[in-house]
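J.: coordinates only, sequence not included:
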C-alpha cells in the first residue's frame, strides 16, 4: 500500500538515530534507485522499521511511500523486531578483498561510489589496504627518484601517456599547453609546487657534498611585481581548466607569500587555509633556520568542495600542521635526489592532500611537475594526473 509520509507515526521510543548526513545519503539512494524497501507499520500506522526512510522521503518532498502492514505481532514482538531490524544488519561483516573489487569496479564504471553509503575516506582506506596487501606489491620507497638518463630524449611539446596519466613537456605559463594536456577535461583538484623565486645556492642545504641545480626560472631573478605576474599567469591557466569548487594547493616559501596571495586574489581564488609542512630537519639560514614549508590552500568558485576528513569522524584526523620527514632525512640516495630537484615533497604528503579533497578517479592537475611527486601520489591513490 502507499501512504503519505506524514501519516506514518514514529515510534515513541525509537532508539535508532539518524544524522542529517545519513538522511541525505538515504535520500540520494532513493533518488537514484527508487524506494525499494517499504516502511513496516502496524495497523495504527506506527512505524516498526523505516524511520530513516520516512524522514528522507519528507526531505525529498515525496507525497507517498510504500508501506507494509504487519499486524500479527504482539506488543512485545513489535518492540523486539524494531531492535532486531536494525541490529542484525550491523552484525554482518565485510570480505575486504571482495569489497575492494566491487568499489574499484564502480569507480572504473564512473558510478558515484558514495551512493553505496561508503564515505570517501572509507573507500580510500579499503582500496589502499587492498593495494598494500596485494601479493605482487613489493616494498619500495616512493620518494626514491630513479637515476637520470645521461641525455634527454624528451623535447618541448612531447606528451607522455603513462597508463591513465598524462605528462607534457611544456610551459606552465602558456595557455595552449594546458589545452594539450587537459583537452576538454576539468581538474577536480590541483597540487602544484612552483619555483619560489629564491636562489637555491645559499638558501637550500647543499653547500657540502650535495650541489643543487638552480631552477631554469624563478630562481631569484624576478622582482616582486614580475613574480606576482608569473604566478598569476600560471594560476589563471589552472583555474580555466579547473572544476568550480576545486581545491588548489600551492607550495610557496615564506619570503614570497605576499606575491602568491596577490596572484590568488587576481584570479578570484578564496584562501581556505594555510598548511605548515613541519619537516624533520631545519634548512639553511642565520636568522632562524626554517624547519617548515608553506602550502597555501585555495578554492576556486562557490560550488561545494570535497572534504573527506571533516572533524575526524571519518577516521582521518587532519590539522593544518603536517608532519612528514623532509627529503634530507628520508633516503640513502638523497644526494642524487636533491641534486635533481632541491625542494622535493614527500609522496605521502601529496597523497594525503589528494585523499583530503578529491575522489578516486578524479583528475589532478600539476603544471609544475618537478620530479613527478604529484603523478606518483595520484597513481598511489587512484587519481589521474595531468602534469
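T.: Looks like it arrived, so ask away. Keep in mind that what you see is a predicted model, and the values were worked out from it rather than measured. Numbering: from 1, shown residues only.
J.: if you tally nearby residues, what's the number for residue 64?
T.: Using other CB atoms under 10 Å, residue 64 has 14 neighbouring residues. Any C-beta I mention is one placed from the backbone N, CA and C, and that applies to glycine too.
J.: just the pLDDT for it.
T.: Looking at residue 64, its pLDDT is 96.
J.: swap in residue 314?
T.: Looking at residue 314, its pLDDT is 73.
J.: kindly report the same for the one 3 residues further on.
T.: pLDDT, residue 317: 88.
J.: what sits against it?
T.: Residues in contact with residue 317 (CB atoms under 8 Å, 6 or more residues apart in numbering) are residue 309.
J.: please apply the same query to residue 352.
T.: Residue 352 touches 318, 322, counting by CB under 8 Å, 6+ apart.
J.: check residue 351 too.
T.: Residues in contact with residue 351 (CB under 8 Å, 6+ apart) are 377, 380-381.
J.: restricted to helices, list those residues.
T.: Applying DSSP state H to these, the entries found in helices are 377, 380-381.
J.: between those residues, which is closest to residue 193?
T.: residue 377 (11.7 Å; CB to CB).
J.: how many neighbours does the closest residue to residue 304 other than its chain neighbours have?
T.: The shortest distance from residue 304 to any non-neighbouring residue, by CB to CB, 6 or more residues apart in numbering, is to residue 245 (5.7 Å). Around residue 245 there are 15 other residues, counting by other CB under 10 Å.
J.: what do you get for residue 163?
T.: 8.
J.: related to what we said a few turns ago, for residue 73, state which of the ones in helices among the contacts of residue 351 is nearest.
T.: residue 381 (49.0 Å).
J.: next one: the closest one from residue 352, what distance?
T.: In this view, residue 381 and residue 352 are 9 Å apart by CB to CB, to the nearest Å.
J.: which one (most neighbours) among the contacts of residue 351?
T.: That'd be residue 377 among the contacts of residue 351, by other CB under 10 Å, with 26 neighbours.
J.: pretty sure that residue sits against residue 350.
T.: Yes - between residue 377 and residue 350 there is a contact under CB atoms under 8 Å: 3.8 Å.
J.: now do the shared contacts for those two.
T.: Both residue 377 and residue 350 are contacted by residue 191, under the criterion CB under 8 Å, 6+ apart.
J.: ok now do residue 163, which residues does it touch?
T.: With contacts defined as CB under 8 Å, 6+ apart, the neighbours of residue 163 are residue 379.
J.: surely the residue nearest to residue 304 is within a helix?
T.: No - secondary structure assignment (DSSP: H, G, I helix; E, B strand; the rest coil) places residue 245 in strand, not in a helix.
J.: residues near residue 75, how many?
T.: Residue 75 - counted by other CB under 10 Å - has 8 other residues nearby.
J.: hey, which helix or strand in this protein has the poorest pLDDT?
T.: In the chain, no helix or strand scores lower on mean pLDDT, DSSP states H and E than helix 334-340, which sits at a mean of 49.
J.: give me the neighbour count for the nearest residue to residue 60 once chain neighbours are set aside.
T.: Distance criterion CB to CB, 6+ apart; nearest residue to residue 60, sequence neighbours excluded, is residue 27 at 5.2 Å. Residue 27 is flanked by 19 other residues according to other CB under 10 Å.
J.: so residue 27 touches residue 53, yeah?
T.: No - counting by CB under 8 Å, residue 53 is not a contact partner of residue 27; they are 9.3 Å apart.
J.: how many neighbours does residue 252 have?
T.: Around residue 252 there are 24 other residues, counting by other CB under 10 Å.
J.: where does it land on pLDDT?
T.: In this model, residue 252 is scored at 94, pLDDT.
J.: which stretches of this structure have low pLDDT?
T.: 136-149, 199-220, 284-286, 327-343 (pLDDT under 70).
J.: please parse this protein into its domains.
T.: According to automatic domain parsing, the chain comprises the domains 2-90, 93-139, 147-386.
J.: if you compare those, which one is most tucked away?
T.: The highest mean neighbour count among those, using mean count of other CB atoms under 10 Å, belongs to domain 147-386: a mean of 18.
J.: residues in contact with the residue nearest to residue 291 when sequence neighbours are not counted?
T.: Here the nearest residue to residue 291 in space, its sequence neighbours aside, is residue 282; by CB to CB, 6+ apart that works out to 4.1 Å. Neighbouring residues of residue 282 by CB under 8 Å, 6+ apart: 289-291.
J.: does residue 280 count as helix, strand or coil?
T.: Residue 280 ends up coil, using three-state DSSP.
J.: I'd guessed it sits against residue 346; true?
T.: No - counting by CB under 8 Å, residue 280 does not reach residue 346; the two are 10.2 Å apart.
J.: what is in contact with the two at once?
T.: Counting by CB under 8 Å, 6+ apart, the common neighbours of residue 280 and residue 346 are 325-326.
J.: now do the strands in this structure.
T.: Taking DSSP state E, the strands of the chain run over residues 2-3, 39-41, 47-49, 65-69, 159-162, 165-168, 187-192, 242-252, 269-278, 292-300, 321-323, 363-365, 384-386.
J.: I'd like to know which of these is closest to residue 83.
T.: Proximity to residue 83, assessed across those by CB to CB, is greatest for strand 47-49 (9.9 Å).
J.: tell me which residues are up against that closest one.
T.: Defining contact as CB under 8 Å, 6+ apart, one finds that strand 47-49 is touched by 8-11, 14, 39-42, 54, 70, 78, 81-82, 85-86.
J.: change it to 10 Å
T.: 8-11, 14, 16, 37-42, 53-54, 67-70, 73, 77-79, 81-86 (CB atoms under 10 Å, 6 or more residues apart in numbering).
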